[in-house]
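1. I'll drop the sequence and a predicted model, then ask my questions.
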Amino acid sequence: MARPFDVKAVEAKWQARWRDEGTYNVDNDDRRDRYYVLCMYPYPSGAAHQGHVRNYTFGDLVVRYKTMRGYAVLSPIGFDSFGLPAENAAIKAGSHPRLFTDARIRELTSSLVRLGAVYDWRREVQSHDPQYMKYSQMIFLAFLEAGLAYRATAPVNWCPGCATVLANEQVLADGTCERSGDLVQRRELEQWFFRITQYAEELLKDVDELEWPERVKTMQRNWIGRSEGVEFDLALASDPSRALRVFTTRPDTGFGVTYAVLAPEHPLLGELTTPEHAEEVASLVERALSASEVERTSSEGGLAKRGAFTGSYVLNPFNGRSVPVYVADYVLGSYGTGAVMAVPAEDERDYDFARTYDLPIVRTVQAPDGFDGGAYTGDGPHVNSGFLDGLDVVAAKAAAADFLVERAGGLRKVNYRLRDWLVSRQRFWGCPIPVVYCPTDGIVPVPLEQLPVVAPDDVSMDQTGQSPLATHAGFLHTSCPRCGAPARRETDTMDTFTDSSWYFLRMADPFSSGVPFDPTQVAKWMPVDQYIGGIEHAILHLLYARFYVKALVDIGLASGVAREPFARLFTQGMIRLHGTKMSKSKGNLIAPEPYFDTVGADGLRLFHLFVGPPADDVDWTDQTEGVIEGCARFLDRVWRLCSENGLHLVEREGPADYAMRQELHRTIAKVTDSMERWSYNTAVAALMELLNAVSKWARDPQGASRVVFDEVRRTMLCLLAPMAPHMSAELFEVHYPSEPGVHAQSWPRPDPALLVRESVTMVVQVNGKVRARLEVLADITQEQAREAALGEERVRAALGAPVTRVVVVPPRLVNVITG
RNA sequence: GCCCGGAUGGCGGAAUCGGCAGACGCGGAGGCCUCAAAAGCCUUUACUCGAAAGGGUGUGUGGGUUCAAGUCCCACUCCGGGCACCA
């Protein structure tokens, strides 16, 4: 489409000016009120796609809007530049991930600049920058010293496709790798962990304080999974001085325990298995432990193959009865004590198992009349439960817990679903873990002055299942920093989520050296006032970053910094093409560049703002091109209007001009409200309505006031400035050359006097149906409204029966009810 | 299975506190301008009966509350997402 101005030239001019003049640089000692806006820093997969455009358009709009509202706005950017795709691409191309990554960063940077997004580029952070790595490693060592990082052997998730272990958070519900989609295997390996569970309670509690989408908060709460219960002993029937320890959240149902179950990996299993059951137990254990987590847990309906009797018995402490001990794959070794008491009457899993193995079911909570399910998990009076009989669940829980504490070595306990964070990765393109293994001194931290530990360039990245760095003799072999003896370097790298767990802190103070950041500088900006990103990070990144910040505060690296990093979170919807998410891995990207060349960044930005609520997904369809052109058409009309094409402007001011000013000020109020509510689609709609009204008014043959036109023009450009920054800046400069630029203007404020309506349309209904619309004074009284409504010809014509009641809501509505 | 979120014209969506359903835009139809086209501008556009005036119907389905329901309550259908042996 032919544009009334040279879009490319105008946009390039302003992009250069913002960058060259550092318009959006901000200093840490700025005295204005502060506002920290941050979009999740992107993984540099290449040039931007529409998902990026959407994300960074919202971010940039907030930056410019808050600046016009008088804040010192911190708007940094960076790149999450370690990660598997770059390594895989480099392997394929026989190149080095750094070359690949640096090229991708240049492309993505160019896209962001062409979008018109503005940043304080002095604060740019790149995860693979050796300077940044140095601080990432310092933090690791600080965690190590504080006991927050440790090495342990554990059953871990191994992804064959990625040739590395994964964190629990990176394994999807169906047991596949979130990145490669491969089925994850279980392997027993020695790995590095971060003690995130130490913060489980605080991570859970603080969720309440966050202004985040409710569903993200719910996901975090579910992931942490707190449950209160009692841990106690089930004495062995064969030797009551010894016991099997179990955890339960339902001690009140103790009289209903009819068997106990061990996890296949339970340490007492061998001892409790009698010779005649050994074979059956062994085959179950072998199958359970070699299977992947999914295979183990998804054998729907196949309960028959899932458990085995050990041949041993334990004593139920409540009634002294001897109950059989089973082993079953549905009990997890890694949660609680790895063993449970089973109450088939009040637990669905136990019920299913008991039915399959023909074990007794004893009801201890009275189910309501008509309950026809299996296990009853609701409330009710206890029965068959000795001293608990008659008590409801809450009271019985307390009494039963007291009993267990006194009589069965019981301990009230809180368990969490959350596990420690496995941070080792057997891959090359990540930040090396800075420790050395010495035969005499054991694990020795690399001294601070030797940081960063940087991987050499000549490493073979072939995926042999071990870390690529382990194959590089020059890197692997070193000397112990403590005793000088020959030693071996750690060859694993850190999970890239460690990089993204603190980058926003470095961005708040990228100027300090020798420390990751200066806490007093960072404290000035944190927490991030508005964090913007995708819902896909609802658990992983957001939980890890919360943990990092709390830990950094506690160990002194971030003293005085807010304990929660992201006060407000906005998760924007994703772009879908033919129903699937737009992403590089799916190969269905739509690049913004062609649009930059035609409708311009402003047109594309406006489209993303206008197409729907920011939180909703966007379907990229055949209609989309039309909507984008519609947005560009709107901008063209603004351009032509501002240039006074075909206008009839006069010096005098009349009633139509006053009405125009009222319309303008109502628009200011509407747009401002929409901006605050993240309702950008309606903000754009309000500006479109304003333009329609102005066009009509300013072309009226009667003539429109020049003074009012000027007010409309300058105000409209201000309102448009965060949305379509290039064109607004250009028009403002052309028409108001002696003033500071549009983005330096204050955000318009509506004049309250102009928001008052003198007259309004009053609806008159008869029995709820609209029969007339009357133009009435806004301050009409009840009586006057009633008179006016009943006096209306068309209302009387619609009556048909005597009036029995009149509902009057002045000045909006009258509803006449007939008999 | 459990927990959230959603369903409004041909399409994206609006309606912020229970008070004019469909703002704004896309698409469609008609017109102006033009030798013609593009661009631009104007009119129109929920469905339906009607020549018109005007009437009827209408926010996933079925009930309910209310003078009044897209909005509140109950039951359900479908779609999207999360969790799913965590004892």
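-> Great, that's in hand.
2. following the helix or strand of chain A with the lowest mean pLDDT, which helix or strand shows up next?
-> Taking mean pLDDT, DSSP states H and E as the measure, chain A has helix A:293-297 as its least confident helix or strand, at a mean of 53. Going down the chain from helix A:293-297, the next helix or strand is strand A:307-315, by DSSP states H and E.
3. neighbours of A:Arg652, just the number please.
-> Counted with other C-beta atoms under 10 Å, the neighbours of A:Arg652 add up to 9. Glycine gets a C-beta too; all of them are placed from N, C-alpha and C.
4. what pLDDT does it get?
-> In the predicted model, A:Arg652 carries a pLDDT score of 91.
5. what sits closest to it if chain neighbours are left out?
-> Spatially, and ignoring its direct neighbours in sequence, A:Arg652 is nearest to A:Ser705 (6.9 Å; C-beta to C-beta, 6 or more residues apart in numbering).
6. swap in A:Gln466?
-> Nearest non-adjacent residue to A:Gln466, counting by C-beta to C-beta, 6+ apart: A:Gln426, 6.2 Å away.
7. next up, the contacts around that neighbour.
-> Contacts of A:Gln426 were listed using C-beta atoms under 8 Å, 6 or more residues apart in numbering, and they are A:163-165, A:465-468, A:492.
8. which one of those is nearest RNA strand B?
-> Nearest to RNA strand B out of these is A:Val165 (C-beta to the nearest atom of the strand; 16.7 Å).
9. partner strands of the strand or helix carrying the closest one, parallel or antiparallel?
-> Assessed by DSSP H and E, A:Val165 sits inside strand A:164-166. Strand pairing for strand A:164-166, using DSSP bridges, gives strand A:149-159 (antiparallel).
10. quick one: average pLDDT of the strand it pairs with?
-> Strand A:149-159 shows a mean pLDDT of 85.
11. in it, what counts as buried?
-> Neighbour-count burial for strand A:149-159 flags A:149, A:151, A:156-159 (criterion: 16 or more other C-beta atoms under 10 Å).
12. I'd like the residues you listed written out as CSV, with distance to A:Glu346 added.
-> Formatted as CSV, the buried residues of strand A:149-159 follow (distance: C-beta to C-beta, whole Å):
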residue, distance to A:Glu346
A:Ala149, 41
A:Arg151, 41
A:Val156, 34
A:Asn157, 33
A:Trp158, 37
A:Cys159, 38
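13. name the element A:Gly229 belongs to?
-> Going by DSSP H and E, A:Gly229 is part of strand A:226-236.
14. could you list every helix and strand that that strand packs against?
-> Under the contact definition 3 or more C-beta pairs under 8 Å, 6 or more residues apart in numbering; DSSP states H and E, strand A:226-236 sits against helix A:200-205, strand A:243-248, strand A:307-315, helix A:393-407, strand A:411-416.
15. so which of these comes closest to RNA strand B?
-> Nearest of these to RNA strand B, taken as C-beta to the nearest atom of the strand: strand A:243-248 at 3.5 Å.
16. paired strands for that closest one, with orientation please.
-> Strand A:243-248 has its sheet partners listed here by DSSP bridges as strand A:226-236 (antiparallel).
17. flag every buried residue along the partner strand.
-> By neighbour count with 16+ other C-beta under 10 Å, strand A:226-236 contains the buried residues A:226, A:229-236.
18. and stretch A:727-740, by the same measure?
-> Across stretch A:727-740, burial judged by 16+ other C-beta under 10 Å covers A:727-733, A:735-736.
19. give me the subset of those that lies in helices.
-> Per DSSP state H, helices hold the following members of the buried residues of stretch A:727-740: A:727-733, A:735.
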